[in-house]
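Colleague: Quick one, structure for this:
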Amino acid sequence: MTSDELDRSLRQLRLGGMADTLSLRSQQARAENLGPIDFISLLVHDELQRRGDRLIARRIKAAGFRDDKTLDTFDWKFNAIDRALIFELATGRFIEQHEDVLLLGNAGVGKSHIAQAIGMAAIHSGFRVLYREAHVLFEDMLLAGATGERSAAIATYSEIPLLIIDDLGMRKLPASAAEDLLEIVMRRYERAATILTSNRPIEDWPKLFGDTPAVAAFLDRLMHHSHLAEIRGKSYRLHQHSLTARGRKATASA
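Modeller: Take a look at the predicted model:
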């Protein structure tokens, strides 16, 4: 079998990772006088690496993140935050233990960045993640109710190992929000992990949701096995905007 024929055969067997590095690994085997087992081991490693990378890419796309954020790009010096807690959450142990996370703080302090970065770390650790801005989740639930697909929507939000609900309180909530969130939280309770970010303190949530009995119920479950992280400080986005404006002004006056 020629090299071209082997390449075609590997791709036909859906071993594209091996096919992509076959020529390089063949040269390496000759140069290092590798035996057949070592040579095959290198090709198998390449195939597993390719499949792992593609799985991660698919899960990142399926998560629906708003931004491409990691902890490496977070400005830890700008605002006060429990850094040790955030890095502990990034290990994914809270997902294995089916615990929840509440990230609270003023708009722009970095809650969404942290939440998405933890979600990204979770994907690299092997977990499936779903990210939704709160208003999008509640709009999905309204549409699902109107089209007779509410049960399917609840199942989607209930079964994912890590659900991130971002920016709760940034927009006016529909009347059904408390009941929808209660059902999702109850189904996930001690079965899956949830990250919820909000610019509103916990004591404001009854007012936010309309002070219904459902609010006390889902708060009780959220707070039972939860990690609370509060980010105190100024808006990072406004800070960046101010720096950009100063830079433009300095350039214009130069």
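
Colleague: could you pull out the strands for the stretch 101-250 of the chain?
Modeller: Applying DSSP state E, counting those that start in this stretch to the stretch 101-250 of the chain gives strands spanning 129-133, 162-168, 193-198, 226-231.

Colleague: Present those as a markdown table; the columns should include distance to Asp82 and mean neighbour count.
Modeller: The way it works is simple: take the backbone N, C-alpha and C, and place the C-beta from them, glycine included. Formatted as a markdown table, the strands of the stretch 101-250 of the chain follow (distance: least, C-beta to C-beta, whole Å; neighbours: other C-beta atoms under 10 Å):
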| stretch | distance to Asp82 | mean neighbour count |
| --- | --- | --- |
| strand 129-133 | 22 | 22 |
| strand 162-168 | 18 | 24 |
| strand 193-198 | 15 | 25 |
| strand 226-231 | 6 | 18 |
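
Colleague: Poorly predicted segments of this protein, please.
Modeller: When residues are selected by pLDDT under 70, those of the chain lie in 235-254.

Colleague: Which residue ranges of the stretch 101-250 of the chain form helices?
Modeller: Along the stretch 101-250 of the chain, counting by DSSP state H, counting those that start in this stretch, helices occupy 111-124, 134-146, 150-159, 177-188, 205-209, 213-224, 236-253.

Colleague: Show me the residue sitting in the middle of the protein in space.
Modeller: Closest residue to the average C-alpha location of the chain: Gly119 at 2.5 Å, with C-alpha atoms, centre = their mean.

Colleague: Make sure that residue is actually in contact with Ala62.
Modeller: No. If you go by C-beta atoms under 8 Å, Gly119 and Ala62 don't touch, sitting 11.4 Å apart.

Colleague: returning to that earlier point: distance to Leu48 added to the strands of the stretch 101-250 of the chain, as CSV?
Modeller: Converted to CSV, these look like this (distance: least, C-beta to C-beta, whole Å):
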stretch, distance to Leu48
strand 129-133, 22
strand 162-168, 24
strand 193-198, 27
strand 226-231, 33
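
Colleague: Gln97: which of those strands is closest?
Modeller: Taking C-beta to C-beta, strand 193-198 is the member of those nearest to Gln97, at 7.8 Å.

Colleague: which helix is the longest one in the protein?
Modeller: helix 36-63 (DSSP state H).

Colleague: What are the buried residues along that helix?
Modeller: Counting neighbours by 16 or more other C-beta atoms under 10 Å, one finds that the buried residues in helix 36-63 are Phe39, Leu42, Leu43, Asp46, Glu47, Arg50, Arg59, Ile60, Ala63.

Colleague: Check the residues you listed and tell me the two furthest apart.
Modeller: Using C-beta to C-beta, the buried residues of helix 36-63 span at most 37.0 Å, a distance reached by Phe39 and Ala63.

Colleague: what's the helix or strand for the residue lying closest to Leu43 once chain neighbours are set aside?
Modeller: In this structure, Leu43 finds its nearest non-sequential neighbour in Met18, 4.5 Å apart by C-beta to C-beta, 6 or more residues apart in numbering. Following DSSP states H and E, one finds Met18 within helix 16-32.

Colleague: mind exporting that helix as PDB, just the C-alpha atoms?
Modeller: C-alpha atoms of helix 16-32 as PDB (Å, rounded to 0.1, in the frame of the first residue of the first chain):
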ATOM      1  CA  GLY A  16      -8.100  12.000  10.100                       C
ATOM      2  CA  GLY A  17      -5.800  12.700  13.000                       C
ATOM      3  CA  MET A  18      -3.500   9.900  12.000                       C
ATOM      4  CA  ALA A  19      -3.700  10.800   8.300                       C
ATOM      5  CA  ASP A  20      -2.800  14.400   9.000                       C
ATOM      6  CA  THR A  21       0.400  13.500  10.800                       C
ATOM      7  CA  LEU A  22       1.300  10.300   9.000                       C
ATOM      8  CA  SER A  23       4.100  11.800   6.900                       C
ATOM      9  CA  LEU A  24       5.600  13.700   9.800                       C
ATOM     10  CA  ARG A  25       5.500  10.700  12.100                       C
ATOM     11  CA  SER A  26       7.000   8.500   9.400                       C
ATOM     12  CA  GLN A  27      10.000  10.800   9.100                       C
ATOM     13  CA  GLN A  28      10.300  10.900  12.900                       C
ATOM     14  CA  ALA A  29      10.200   7.100  13.100                       C
ATOM     15  CA  ARG A  30      13.000   6.800  10.600                       C
ATOM     16  CA  ALA A  31      15.100   9.600  12.200                       C
ATOM     17  CA  GLU A  32      14.700   8.200  15.700                       C
END
